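K.L.:
Predicted model and sequence below, questions to follow.
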Number of protein chains: 2
Amino acid sequence: MQDAHEYLIAHNIHPSQQRVAVMRYLLDHHIHPTADDIYTALAPQMPTLSKTTIYNTLKVFADAGAIQVITIDEEATRYDATLLPHAHFKCQKCGLVYDIDFPANIDPTARQPEIPKDFELTSVQIYYQGICAKCKRNQN
Amino acid sequence: MQDAHEYLIAHNIHPSQQRVAVMRYLLDHHIHPTADDIYTALAPQMPTLSKTTIYNTLKVFADAGAIQVITIDEEATRYDATLLPHAHFKCQKCGLVYDIDFPANIDPTARQPEIPKDFELTSVQIYYQGICAKCKRNQN
DNA sequence: CAAATATATGTAATTATTACATTTTTGTAA
DNA sequence: TTACAAAAATGTAATAATTACATATATTTG
């Protein structure tokens, strides 16, 4: 559980009240929330909070490389403050997105040999889909 | 360049005129089109074609496992008739999505050891992002 | 303090996608 | 072939995520 304030400063992001709140939420809830999830969670304690602010803030974070943008879900973009490389698994029944260790033999910080040499690589995302254990158990 | 009609039958999909047209487009254009791309391309030759039909058709294809659904792009879902496992690279400048060979040491048809044993795996998508060679050259 | 800049807010627009009711086409059996 | 049922296609309207934009508030700096 890191300090959101420090984390923002470390990424050269001015730590406004709203930004700290959003970042704290992301650091404390590794559930890959959507913009709406974050807004719904924070709005009660921040009556003037605007959903546009959530979107603006997430864009600032993403542009600064402070969070990962996850597009595994067709419906809505999800966000993840964990920068350590890891993959994601989306359950097709319940919709939950799980963290998965990165495949041992892929080093996402290294150049991927399959990509043409004159392409510049910025990020690697690995998305698995299937059915999670809980949903498998509940199947009739 | 495969025959769309045969391809549909091989996947137990009734080959209506519209479905054949959509599948033919996907087989002939490996550009990872959006639903709108497909509609825009086919509408001139099929005056009664409806965009809803495009969406319905793509859902039928996806459910039958005849195409891949690609969510690398935040804006719109993209579709790919190539079933051979491969990764994708999205250029952050021009937005083009390129095909990339799958990492040699990942066999997507095999069980991925990082996933819990009681999870059922259906698909693996690997998405790279960065800047393609063409856009790098055109940078000023 | 005052001006400039950065950040936040609210409303309205945009747009991909889906829901749903209706129409058309296709397959089948009398 | 004709009639009926099922499948597929169509059009319109709704939904919902995201963005554009104008305005307001807060913060920094001279």
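P.N.:
Perfect, I can see it now. Residues are numbered from 1 along each chain as shown, chains lettered A, B, ... in the order given.
K.L.:
per-residue pLDDT, the residue nearest the centre of chain A?
P.N.:
By CA atoms, centre = their mean, the mean C-alpha position of chain A lies nearest to A:D80, the distance being 1.8 Å. pLDDT for A:D80: 96.
K.L.:
Name the nearest residue to it, ignoring sequence neighbours.
P.N.:
Leaving aside its chain neighbours, A:D80 sits nearest to A:Q68 (4.3 Å; criterion: CB to CB, 6 or more residues apart in numbering or on different chains). All C-beta atoms are positioned from the backbone trio N, CA, C, and that covers glycine.
K.L.:
that older thread, the residue nearest to the centre of chain A and A:L26 touch, don't they?
P.N.:
Yes - between A:D80 and A:L26 there is a contact under CB atoms under 8 Å: 7.3 Å.
K.L.:
what touches both of these two?
P.N.:
A:I67 (CB atoms under 8 Å, 6 or more residues apart in numbering or on different chains).
K.L.:
What helices and strands are in contact with the strand or helix carrying A:Y79?
P.N.:
According to DSSP states H and E, A:Y79 maps onto strand A:78-80. In terms of contacts (3 or more CB pairs under 8 Å, 6 or more residues apart in numbering or on different chains; DSSP states H and E), strand A:78-80 is packed against helix A:51-63, strand A:68-70.
K.L.:
winner for burial among those?
P.N.:
strand A:68-70 (a mean of 19; mean count of other CB atoms under 10 Å in any protein chain shown).
K.L.:
Cross-check the contact I'm expecting between A:Q2 and A:L27.
P.N.:
Yes - between A:Q2 and A:L27 there is a contact under CB under 8 Å: 5.3 Å.
K.L.:
What is the neighbour count of A:Y25?
P.N.:
20 (other CB atoms under 10 Å in any protein chain shown).
K.L.:
Check which helix or strand it maps to.
P.N.:
helix A:17-28.
K.L.:
Please report how far the closest residue to A:A66 other than its chain neighbours lies from B:T48.
P.N.:
Spatial nearest neighbour of A:A66, excluding adjacent residues (CB to CB, 6+ apart): A:H11 at 4.1 Å. Here the criterion is CB to CB, to the nearest Å. By it, A:H11 lies 53 Å from B:T48.
K.L.:
Need the pLDDT of A:Y55.
P.N.:
Looking at A:Y55, its pLDDT is 98.
K.L.:
Name the residues of the very next helix or strand once past the helix holding A:Y25 that come out as buried.
P.N.:
Using DSSP H and E, the helix or strand that follows helix A:17-28 towards the C-terminus is helix A:35-42. Neighbour counts over helix A:35-42 (16 or more other CB atoms under 10 Å in any protein chain shown) mark A:A35, A:D37, A:I38, A:Y39, A:L42 as buried.
K.L.:
Do I have it right that the first one meets A:T77?
P.N.:
Yes - A:A35 sits in contact with A:T77 when judged by CB under 8 Å, with a separation of 7.1 Å.
K.L.:
between those two, what contacts are shared?
P.N.:
Counting by CB under 8 Å, 6+ apart, nothing touches both A:A35 and A:T77.
K.L.:
who's in contact with the closest residue to A:C91 other than its chain neighbours?
P.N.:
Distances taken as CB to CB, 6+ apart put A:C132 closest to A:C91, at 3.9 Å, once the chain neighbours are dropped. Going by CB under 8 Å, 6+ apart, A:C132 touches A:F89, A:C91, A:K93, A:C94, A:L96, A:Y98, B:F119.
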